[in-house]
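1. Model the following, please.
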Amino acid sequence: MSNLNYINDLFKSLDFPDNLSDYFIPVPYEGSDSCFRYGLDKSGHHSKFIRLRSVLKDNFVCPHCGVIEHHESKGLRKISLSHIANGHQRFVIEVEYRRYFCHSCHSYFKDDIPFKFKNTRMTSSAAHACLIQFRENTAMAVISRMMGVSKSSVYRMFFHHIKVKERFYHLKSVISIDEFKATTDKGTYAFHITDPINGKTLDIIEDRKERRLRSYLLRFPYRERKKVKIIIMDLSNPFRCIMQRLFPNASIIADRFHYVKLFGECLKRSRLDTCSSLKDEKMAKSIKKNLHLFDKYRKDLDDQTEWYDRHLKKYFTCRTYVEHIFEQDGTDEFYQSYMIYQNLLKLIHEKHNDYKKELNNWLNHIFETNNTYFISSAKNIRKNWFVPILKSLTYKAVYVRNGKTYETSFNNGFIESMNNKVKLVKRNAYGYRYFYNLRKRILLHLGFSYEFE
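-> Now for the predicted structure:
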């Protein structure tokens, strides 16, 4: 094998560009006949070092004045570049490049290093490896240790060289909206809009305030906004008012999780007051330990497996335990609240011929009993959210996930899972100061298109 073929094969194994042998050649280290050596890099990791030197040429063109062959070499300079080859193997490329002086314009210039990523001490292959880690939601401090460069270099590459394109899309017939805590430079809470049917995030808006949402959503023409037929959301009155004004043909559907959670909080307050008023402290401690049993639908409680309650000194199944608690003195008000909550779960879990009548009967029962824990929430539902909750019980959706279809109710399950990914992105970075960086990192992690400059 000739020396030229050996050099080309070496550069090819390092994922370097073609024809690099015209500009650089491997040079043996002092006291050795090899251009390779093993040692510790600046971060203390074991790495493989490779020594390269630029080829001396006489026909260089001065980049300042354009004159050819009117310069002289001013010696060699050295730079160490972090490099990743074959996807994971770490190298340190010790590059010796030449510096020249032009006698025509009296300017200095140097050899171009085609495999060096601009403004950093890493190669282009290492920069692309960093990009993969950005998409995998790896912390910048971890990336800097993996690549053997400073955290500032990784941040500069993320901030200056990765551009996420502006989002231009068509509105879907079904959209889901929610908010999550973001940064303080734009707005404390950001606005998240998704397509729940196909499982895609449409966009993330910097602030949830009405003025910002109106300016963003009014970018879409009126005929485009008329295409939206269903909007799934939590029990937020400001969001409901904004969506009803901007989307004239859309039906608002309340997310089931949020109104069940609302009345679950009412049941929780009743349980806490009951426990504080009980004279039997062991009974109160037992209720506190097994509080999750009161949140379950009664028909789903296990009636087969027995377990021992160390406070009451008895064996119970889940169902017999709940029945035993409500047989005790001082739990009448808690039992009334529990049955109201169970009737709501029955309305959700079982099929009914007339959901409107059943929902009305459930609300009327709260007003008749004048239960202090549920009355204010029931009034809010009757006044503002009766129709959205009724639609959440009656409307059915066909979701598509990984080529499979699922029939279920309209809900915010997908957007809540996306918000969980957002929290993971924030947690790995210990928070973000600027919304621009947070949004870019989220969209990279979700697989959106980008430009790498």
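2. ok, and K351, which helix or strand is that part of?
-> Using DSSP states H and E, K351 falls within no helix or strand.
3. give the contact list for L10.
-> P26 (Cβ atoms under 8 Å, 6 or more residues apart in numbering). In this view, the C-beta of every residue, glycine as well, is placed from N, C-alpha and C.
4. and if you look at Y155?
-> Contacts of Y155 by Cβ under 8 Å, 6+ apart are M140.
5. Below-threshold pLDDT in the chain: ranges please.
-> Along the chain, the model assigns pLDDT under 70 to residues 1-4, 58, 87.
6. Please export the C-alpha coordinates of the longest helix seen in it as CSV.
-> Determined from DSSP state H, the single longest helix within the chain is helix 256-277. Provided in CSV are the C-alpha atoms of helix 256-277 (Å, rounded to 0.1, in the frame of the first residue of the first chain):
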residue,chain,number,x,y,z
ARG,A,256,-62.2,14.5,32.3
PHE,A,257,-59.1,14.3,34.5
HIS,A,258,-59.5,17.9,35.6
TYR,A,259,-63.1,17.9,36.7
VAL,A,260,-62.7,14.6,38.5
LYS,A,261,-59.7,16.1,40.3
LEU,A,262,-61.8,19.2,41.2
PHE,A,263,-64.4,17.1,43.0
GLY,A,264,-61.7,14.8,44.4
GLU,A,265,-60.3,17.9,46.2
CYS,A,266,-63.8,18.5,47.6
LEU,A,267,-63.8,14.9,48.9
LYS,A,268,-60.3,15.4,50.3
ARG,A,269,-61.4,18.4,52.4
SER,A,270,-64.3,16.4,53.8
ARG,A,271,-62.0,13.6,54.7
LEU,A,272,-59.5,15.9,56.5
ASP,A,273,-62.3,17.6,58.5
THR,A,274,-63.7,14.2,59.5
CYS,A,275,-60.3,12.9,60.6
SER,A,276,-59.7,16.0,62.7
SER,A,277,-63.1,15.7,64.4
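7. Residues contacting the helix or strand that comes right after that helix, please?
-> With elements assigned by DSSP H and E, the helix or strand that comes after helix 256-277 is helix 281-289. Helix 281-289 is contacted from outside by 271, 274-276, 278, 294, 309, 311-312, 325, 328, using Cβ under 8 Å, 6+ apart.
8. and after helix 281-289, which helix or strand comes next?
-> That would be, after helix 281-289 and using DSSP H and E, strand 307-309.
9. buried set for that next one?
-> D309 (16 or more other Cβ atoms under 10 Å).
10. which outside residues touch it?
-> Residues from elsewhere that reach strand 307-309 (Cβ under 8 Å, 6+ apart): 286, 290, 314-317, 321.
11. Summarise which helices and strands the longest helix of the chain is packed against.
-> Contacts defined by 3 or more Cβ pairs under 8 Å, 6 or more residues apart in numbering; DSSP states H and E place helix 256-277 against helix 281-289, helix 332-349, helix 375-380, helix 386-394.
12. what distance separates it from the middle of the whole chain?
-> 31 Å (Cα atoms, centre = their mean, to the nearest Å).
13. what angle do that helix and helix 386-394 make?
-> Put simply, helix 256-277 runs at 100 degrees to helix 386-394, going by axes from the mean of the first three to the mean of the last three Cα atoms, to 10 degrees.
14. Helix 256-277: which residues count as buried?
-> For helix 256-277, by 16+ other Cβ under 10 Å, it's 256, 258-259, 262-263, 266-268, 270-271, 274-275.
15. can you check stretch 27-35 too?
-> C35.
16. Is S47 bridged to anything, and to what?
-> G39 (DSSP bridges).
17. In a markdown table: the buried residues of helix 256-277, plus distance to I204.
-> Formatted as a markdown table, the buried residues of helix 256-277 follow (distance: Cβ to Cβ, whole Å):
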| residue | distance to I204 |
| --- | --- |
| R256 | 24 |
| H258 | 20 |
| Y259 | 25 |
| L262 | 26 |
| F263 | 30 |
| C266 | 33 |
| L267 | 34 |
| K268 | 32 |
| S270 | 38 |
| R271 | 38 |
| T274 | 43 |
| C275 | 42 |
